[in-house]
Structure formats: structure tokens, C-alpha cells
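> Here is the input, now give the coordinates:
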Amino acid sequence: VPEEDGGSEILGYILERKERMALRWERVSRTLIKETSYTMSDLEEGLEYEFRVCANNMAGNGKWSPASLPVVVRDPLGKPQPPVNPVVMETTRSSISLEWDKPEFDGGSRVIGYVVEHRRTDSDEWTRSHTKSMVRHQDLIVTDVEEGKGYYFRVSAANECGVSAPASVEGIVTAKDMMESPTLELDISLRRAIVVRGGAPIRIYIPIKGKPFPTVTWEKEDSNLENRAAIETSEIATQLMIPSADRRDAGYFNLTLENSSGTATAQILVKVLDTPGPPTNVRVRDVTKATAIIQWGAPEKDGGKAVTNYLLQKREISRKTWDTVETRIYKTSYRVTNLVEGNQYYFQILAENVYGIGVPQPTDNPILAMDPVDSPDPPRKLEITEITKTTVSLAWLRPENDGGSRITSYIVEMLPAGEEEWIRCTAISSLRYTITELTTGQEYTFRVSAQNVGAVSAPRELPPVVAAEQISPPELDLSALPRDQLVVKEGADMTLRIPFSGIPKPTIQWLHGLGVMVESDSKVTKTNGSSTTLIIRKTMKRDAGKYTIKAENNLGSQTADINLKVLGKPGQVTNIQADEVTPESCVLTWDAPSDDGGSPIQSYSVERSDNRGMSW
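Numbering: from 1, shown residues only. Take a look at the predicted model:
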């Protein structure tokens, strides 16, 4: 109200407004405002306004008041709501990682930070989990923890008006290393084959995960990768790099990830487009004073393209340079002519494809150009490797002297006791042979001779032997098993192989618990002549327990126990009771599940649903 009414009663007031930067004032109400306050509802949110008022009596309008301070139109400010969904992302023995989402309502003022607190389960005192006054982001790694101890956590949001009520992380959080089986990700290019030209780099990049972090092993069957490739492994991926590829790098690269929770493997095929590798198994046969036949096998590495032809070269032992014999050979053998009698020669073969001529493969030793005239020495170290009721297996070594010609075959003969004439069993090129269809209990004498192109050696003879079964009791090889128990994660596949021995071959029986193991589609056993294997696909809790393997033949038996522990989710809690019920609360009690999944229960999750039962 004005200090002076101008000698006439105040009839009302006129209120005007304008945006702060505008020049023109506008009237708020068409009629006089009788009271000394007025509520406006047509303002625009976010704009800044100024206001002024003048009084009115019978004489007219008085002077305008000074303009008010600028006012921004917005909702009244308050504290924010609590953060949403605070969760534990990772735990280690020395840290706990938390994340959360922004509050659904910021109280009308921007959230400027968060306060994270924790307390141990054996304490009532909450402690700030960070050194600075607030956390600016929506995550935090808490390091002020003790290994093996349990903690409660809560997070509050802050704005200009204060700190919100806290939002609690569900359950007790224990400071310990998390367990996660290794995993790897192969993109579509790695699932097919990597194709590179010779001289180009090979790069294999594979994202990996696992807790604890797995050991990473790269292998290639025919290559030492430590000397050939640069291997780098980080917390998120492993990479194999070969700066300049050649034919040696073609083939399968095997990656193995392993930690205490399991193993993951991958196989990546690399094709290198290059000239061929060296031909294989180059040998010389049928040597005379003027000719020789050269034979070989195709290269193990063809350079990614088929071999089109072969080149043959020769050189005398006294010379360093090679002479080309033929450049267009389309088979894997060739007859060389015009050799000089009495000279010694080396030969080498080269394969060619569309990328060019590959690596040569020479003969190991020189050959002498002459007709064979001498017989070879007898085979060396002839021995019996196995005897049964109806068979005898022999093995031997090549003779010291082949008589100047390649050994073409070995002649195996036998003489039954009481007979005078030797019986020819076979003529073979290998260094071992098994004679079959013998009479059980019959005594035999065996001998082997070496044969080259022109002659047969004197025989190498063995003492007489009797065709009878060799016997031994069963024996199980448990050296590869863990001492205490075998631990498998529920849902994982398990393969347990037990080698065994015994003559005659033992019968194998698997037991589970107190009875014979029942096989199914998911649980099978496979037994061959030297080992038995138990395979369980997608292991379940019911597969846990003691497994007994029994090997038995007519000389005795042996048994072994293997304890299998299956780690999985716990069973269902029972006997849920609600006590001390009030309109706002109740106390719930329950019994722990009878099955803890093979690991101690860490915490419980509680959900509720109203009497309509629409959702939990």
C-alpha cells in the first residue's frame, strides 16, 4: 500500500510486466487488482521477467514503483531424488566397482555429484568411499576394503539444494576375486579363412574376457611362433602379428585361453598366396651306370594355388652349380639319362605354380652312377615286439650296407618246429610286419632278409618262440587326475580319459554312487584298447558324486574312485514365513536351500507382489 493515498481511498492497483531485455511494458489484468498480490499463470518457463505496480484512486493513477529484480520462471528448487539402480559391476580381493543411473528427478536443479558410502557388516558406522567431497561420474572403484570382508553400500545424489536420500546396493558385497570362464569373440572374417599374399602382413585380433584374467597361448603345429610372430595381449584382447607372410605361415593357428574357471579355444585358418614349398620325400631308385629314376611327393605347402609343373636339376658332387635336366615335368617321377659311369650326383626338385618357382628340395645323399652288383647286408636289430596266441609282430632296422642299390623290399620267412622248409610270409618295404594265423602253442623260428635291385642279403634269424598269449593284470593310469576332486561348472561339458593296460584286455565298468552308472544321451562312456573315457554333456548337479572305474581280467582287477563336484546355482529356499505384520511392514524368515550348488550361499534376493499377482 502507498504511504500516501492522495486524499482519496485507493480503489485498486495496476500490474505490468515485461521480459528483461524488452522495452515495452504490458498490462497483466484488464481490471483493477483489489489485493496487494496477484497470481499469473500465462508466463513462459525459462524466460526472465520484470514487474512494476501503480496505485489508483478517484484522481487517477499514481507513480509506478521501481521495477522488480528479474525473475526466472521455473519450478521451485529442492533436493534430488535418490540415484537409480546402484549395482556392483566387479569385485576383486582389494576393490569393488559400483555403477548407478541418474535420479529420475533432479529437484529442479542440475545434479552436481554423488556421495558413495559403505560400512562393514560387523559395524554400524557409514564411511565415505572416496577422498573428494563428491563423485562427478556415475561409477566408482572403492579400494578401501579388506579381502574376504562383507560390505553394504549406498549412493546419494547432490544438487544446489542438498543431498538426496541414499539408494542402497542390494545385499552384502564381499571383497573377493570374481570367477568367469574365458570367452573370445571371432568376427566373421576369422571364422572363414584369412587370405594374404606372400610378403603382406598377417594380423589376427581377438577380443577376450575372463576372471581371473586367463593365460593366453598361441600355437601352430609346424612353427615356433615365438621366433616368427609378435604376440601382444591386453586386458581386452590378444593379437598375433607377422610382418611379412610366406608359405610357412599357411595353416591353422590355435588360440587357447585358460583360467581356474575353464578353457576356451579357437582355430584360425590362414592361406598364404606364394610360390610352392619344397617337394617331399625325394628319393632315387633303379640306378644304373647311365640312368636313374627320381621320385618325389607334392609339397606340403602349395602356396595357395595348385602346382602346375616340376623342375629337375642335377650336379656332380665336385661342382657347385646346378644343371637343369627338365623344366616341364607333370608327374612326380622322372628318368634321368646320360649319366657318366662312376660319377656321383645330387638331384633336386622344384615345384612351380602361378606365382613362380618354389623352394628346391635336394636328395640327402649323392648316388653313384653304376650298375648294382653287390648284395646288401642283413637287416639290423631284428626283434619281436608282440606275441599273441595266433600272431607274432616283428620289427627291424635297415642294413648298414645296401650293396650299392636302394633296398626294394624285405623278405619275411618262418619255420614251424619239426619242419625243414622255410615258408615265405611276405615281401614288404616297411620295417615291421605281423605274421597272423599261427597255431596256438606251436613253436616257430623267424628270419628277415634285405633285397636290393640285384641281390638278396643273408637272413637275420631269431631264436624260436611259442605262439601263446602274453598276460598281465589290469592297471589304471590315474597320473593325470587331480588328487582331491574334479570340479566342473554346471552346464559345461566334461571329458575324463583314463588310460589302462592289461593282457588279456580288461573289461571296464563305470559305477556312480552305489550302483552301476546308467548311460544316457548326455552321459556316455567310450572304451578302446588302451583307454576308457567318461563324457558328460552339459553337466548337471545330479551328475556330482563318486565315480568308480573297475578294470578286470582273469588275472585280477583294479578300481579307482573319482569325486566329481558340480558348481551351479543354489536350490529353492523353503518354509517362507511372514511375522510381525503391520500395515507398513512385516518380518520374513525362511530356511536355507538344501542344495547350495556346490558353493556356500552368499546372499538372498527378496521380491514382493500384491494380491493381484500381476508382477514381482
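
> Asp521 belongs to a strand, doesn't it?
No. Counting by DSSP: H, G, I helix; E, B strand; the rest coil, Asp521 falls outside a strand, being coil.

> Next, the contact list for it, please.
For Asp521, the contact set (CB atoms under 8 Å, 6 or more residues apart in numbering) comprises Arg537. Heads up, the C-betas are built off the backbone N, CA and C, glycines and all.

> ok, it to Pro76 distance?
Separation of Asp521 from Pro76 (CB to CB, to the nearest Å): 68 Å.

> Asp364 now?
Using CB to CB, Asp364 is found at 96 Å from Pro76.

> Show me the contact partners of stretch 575-595.
Taking CB under 8 Å, 6+ apart as the rule, stretch 575-595 contacts 541, 570-574, 601, 604, 606.

> partners of Leu184 in the sheet?
Under DSSP bridges, the beta-bridge partners of Leu184 are Ile208.

> residue contacts, it?
206-209, 255, 257, 264, 266.

> what do you get for Glu90?
Residues in contact with Glu90 (CB under 8 Å, 6+ apart) are 96-97, 178, 211.

> List only buried entries from the residues you listed.
Buried subset of the contacts of Glu90 (neighbour count, 16 or more other CB atoms under 10 Å): 96, 211.

> So what's the gap between the helix or strand encompassing Cys54 and the chain middle?
Using DSSP states H and E, Cys54 maps to strand 48-57. Centre-to-centre, strand 48-57 and its host chain are 76 Å apart (CA atoms, centre = their mean, to the nearest Å).

> which helices and strands does the helix or strand following it pack with?
Using DSSP H and E, the helix or strand that directly follows strand 48-57 along the chain is strand 60-61. In terms of contacts (3 or more CB pairs under 8 Å, 6 or more residues apart in numbering; DSSP states H and E), strand 60-61 is not packed against any helix or strand.

> Sort out which residues of the strand holding Cys54 are buried, please.
For strand 48-57, by 16+ other CB under 10 Å, it's 49-51, 53, 55-57.

> try stretch 341-355
Here stretch 341-355 shows 344-353, 355 as buried, counting by 16+ other CB under 10 Å.

> and which of the buried residues of strand 48-57 is nearest to Leu511?
Proximity of the buried residues of strand 48-57 to Leu511 (CB to CB) peaks at Tyr49, which lies at 88.9 Å.

> just checking, that closest one touches Arg17?
Yes. Assessed by CB atoms under 8 Å, Tyr49 is found in contact with Arg17 at 5.4 Å.

> Direction included, what does the strand holding Cys54 pair against?
Applying DSSP bridges, one finds strand 48-57 paired with strand 12-19 (antiparallel), strand 60-61 (antiparallel), strand 71-72 (antiparallel).

> Give me the contact list for it.
Under CB under 8 Å, 6+ apart, the answer for strand 48-57 is 1-2, 5-6, 8-20, 25, 32, 43, 61-73.

> among the strands paired with strand 48-57, which is the most enclosed?
strand 12-19 (a mean of 17; mean count of other CB atoms under 10 Å).

> Would you mind pointing out the helix or strand the residue positioned nearest the centre of the chain falls in?
What sits nearest the mean C-alpha location of the chain, by CA atoms, centre = their mean, is Ala264, with 2.4 Å. Element membership of Ala264, judged by DSSP H and E, is strand 262-273.

> who touches that strand?
Around strand 262-273, the neighbours that count as contacts under CB under 8 Å, 6+ apart are 181-184, 186, 190, 192-198, 202, 204, 206, 210, 214, 245-247, 249-258, 301, 303-305, 355, 489, 492.

> ok, back up a step: name the residues linked to the residue nearest to the centre of the chain by a beta bridge.
Beta-bridge partners of Ala264, counted by DSSP bridges, are Leu257.

> Then Tyr444?
Assessed by DSSP bridges, Tyr444 has beta-bridge partners Pro416, Val465.

> was I right about it contacting Met414?
Yes. Counting by CB under 8 Å, Met414 is a contact partner of Tyr444 at 5.3 Å.

> could you measure the closest residue to Asn338 other than its chain neighbours against Asn254, distance?
Nearest residue to Asn338, sequence neighbours excluded (CB to CB, 6 or more residues apart in numbering): Ala290, at 6.7 Å. For Ala290, the distance to Asn254 equals 51 Å [CB to CB].

> any idea where the strands of the stretch 201-350 of the chain begin and end?
202-211, 215-220, 230-233, 237-242, 251-259, 262-273, 280-285, 292-297, 309-316, 323-329, 333-336, 344-353 (DSSP state E, counting those that start in this stretch).

> can I get those strands in JSON lines with distance to Tyr547?
Listed next are those as JSON lines, based on distance: least, CB to CB, whole Å:
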{"stretch": "strand 202-211", "distance to Tyr547": "28"}
{"stretch": "strand 215-220", "distance to Tyr547": "29"}
{"stretch": "strand 230-233", "distance to Tyr547": "37"}
{"stretch": "strand 237-242", "distance to Tyr547": "36"}
{"stretch": "strand 251-259", "distance to Tyr547": "24"}
{"stretch": "strand 262-273", "distance to Tyr547": "20"}
{"stretch": "strand 280-285", "distance to Tyr547": "46"}
{"stretch": "strand 292-297", "distance to Tyr547": "47"}
{"stretch": "strand 309-316", "distance to Tyr547": "57"}
{"stretch": "strand 323-329", "distance to Tyr547": "60"}
{"stretch": "strand 333-336", "distance to Tyr547": "56"}
{"stretch": "strand 344-353", "distance to Tyr547": "53"}
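
> can I get the ones you listed in a markdown table with distance to Ile503 and mean pLDDT?
Converted to a markdown table, the strands of the stretch 201-350 of the chain look like this (distance: least, CB to CB, whole Å; pLDDT from 0 to 100):
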| stretch | distance to Ile503 | mean pLDDT |
| --- | --- | --- |
| strand 202-211 | 45 | 92 |
| strand 215-220 | 36 | 94 |
| strand 230-233 | 47 | 94 |
| strand 237-242 | 47 | 95 |
| strand 251-259 | 37 | 94 |
| strand 262-273 | 36 | 92 |
| strand 280-285 | 36 | 94 |
| strand 292-297 | 38 | 96 |
| strand 309-316 | 49 | 96 |
| strand 323-329 | 51 | 95 |
| strand 333-336 | 45 | 96 |
| strand 344-353 | 47 | 95 |
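
> Highest mean neighbour count out of the ones you listed?
Comparing the strands of the stretch 201-350 of the chain by mean count of other CB under 10 Å gives strand 344-353 as most buried, with a mean of 21.

> That strand versus strand 309-316: what angle between them?
Going by axes from the mean of the first three to the mean of the last three CA atoms, to 10 degrees, strand 344-353 is angled at 160 degrees with respect to strand 309-316.

> Partner strands of strand 344-353 and their direction?
If you go by DSSP bridges, strand 344-353 pairs up with strand 309-316 (antiparallel), strand 356-357 (antiparallel), strand 361-362 (antiparallel), strand 367-368 (antiparallel).

> mind checking how far the longest one is from the chain centre?
Remark: strand 309-316 is offset 47 Å from the chain centroid, using CA atoms, centre = their mean.

> And the contacts of it?
So strand 309-316 is contacted by 279, 294, 296, 321-330, 332, 334, 336, 343-352, 357, 360 (CB under 8 Å, 6+ apart).

> how does it look with 7 Å?
Strand 309-316 is contacted from outside by 279, 294, 321-330, 334, 336, 343-352, 357, using CB atoms under 7 Å, 6 or more residues apart in numbering.
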